[in-house]
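Novice: Sequence and predicted structure are below.
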Amino acid sequence: MLTKIYAENPSERELARAAAVLERGGIVVYPTDSVYAFGCSIRSPKAIERMRRIKGKRETTFSAVFADIAEAAAYCRVDNAAFRILKRSLPGPYTFLLPASSRMPDKALERRRIIGIRIPRNAVARALVGALGCPMLTTSVRDDEEERAYATDPGLIAERYGSAVDLVIDGGAGDIVPTTVVDLTQDEPQVLREGKGEWR
């Protein structure tokens, strides 16, 4: 199933429909400020396992998408230094690694006590989390260099993954540049991957 929700003026009706899919344990593909991504409710263990199977990895590392920093702080341990970095950088195309709090479900962590957090600049992603009422777990749509359109074109994404997911949100053409990943679990921030976000 494919539905259009654009960042300029996200449809509340379509957002509610997508949130209902997530609440029922479904998986959606949605636009971000970097690449298109799979998402499911953090409260749905079955959906988390389905996402692992879609990615074809037994121990896929997920990130969590939050509506704002306050929500992220409820699921992660955010000290003053980390808070200043988050406030300066988010919303934006970054994934920040932080220690998970006890509120983060074990199924989301798979023996790790660290979680990547995302607050995308894309309004659809943030509004979807807001409509859901809890964070989403997320992982990017696989980028095949031979067939990049299948990671950036919502119609082709629906063609490829339509039988594996419950909804694909068409938010326009996606990007191929992933987020910049920054580890905030050490004494000093460490850039683990250079991506779309500029780090200084």
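Specialist: Looks like it came in fine. Residues are numbered from 1 along each chain as shown.
Novice: Break down this structure into its helices, ranges please.
Specialist: 12-23, 45-55, 69-75, 80-89, 106-109, 123-132, 149-152, 154-161 (DSSP state H).
Novice: just so I know, which of the ones you listed lies nearest Ile176?
Specialist: helix 149-152 (6.1 Å; CB to CB). Just so you know, the C-beta spots here come from the backbone N, C-alpha and C atoms, and that holds for glycine as well.
Novice: Closest to the centroid, which residue in this protein?
Specialist: What sits nearest the mean C-alpha location of the chain, by CA atoms, centre = their mean, is Thr138, with 3.7 Å.
Novice: quick one: contacts for Pro45?
Specialist: When contacts are counted by CB atoms under 8 Å, 6 or more residues apart in numbering, Pro45 is found next to Pro105, Lys107.
Novice: Could you point out the bridge partners of the residue nearest to the centre of the chain in the sheet?
Specialist: With DSSP bridges applied, Thr138 shows beta-bridge pairing to Gly39, Ser63.
Novice: Please tell me I have it right and it contacts Gly39.
Specialist: Yes. With contacts counted by CB atoms under 8 Å, Thr138 reaches Gly39, the gap being 4.7 Å.
Novice: what about dumping the CA coordinates of stretch 15-26 to PDB?
Specialist: The C-alpha trace of stretch 15-26 is given here as PDB (Å, rounded to 0.1, in the frame of the first residue of the first chain):
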ATOM      1  CA  LEU A  15      -0.500  10.400   9.400                       C
ATOM      2  CA  ALA A  16      -3.300   8.900  11.600                       C
ATOM      3  CA  ARG A  17      -3.700   6.100   9.200                       C
ATOM      4  CA  ALA A  18       0.000   5.400   9.200                       C
ATOM      5  CA  ALA A  19       0.200   5.600  13.000                       C
ATOM      6  CA  ALA A  20      -2.700   3.100  13.200                       C
ATOM      7  CA  VAL A  21      -0.700   0.600  11.000                       C
ATOM      8  CA  LEU A  22       2.300   1.000  13.400                       C
ATOM      9  CA  GLU A  23       0.000   0.600  16.500                       C
ATOM     10  CA  ARG A  24      -1.200  -2.700  15.100                       C
ATOM     11  CA  GLY A  25       2.400  -4.000  14.800                       C
ATOM     12  CA  GLY A  26       2.900  -3.000  11.200                       C
END
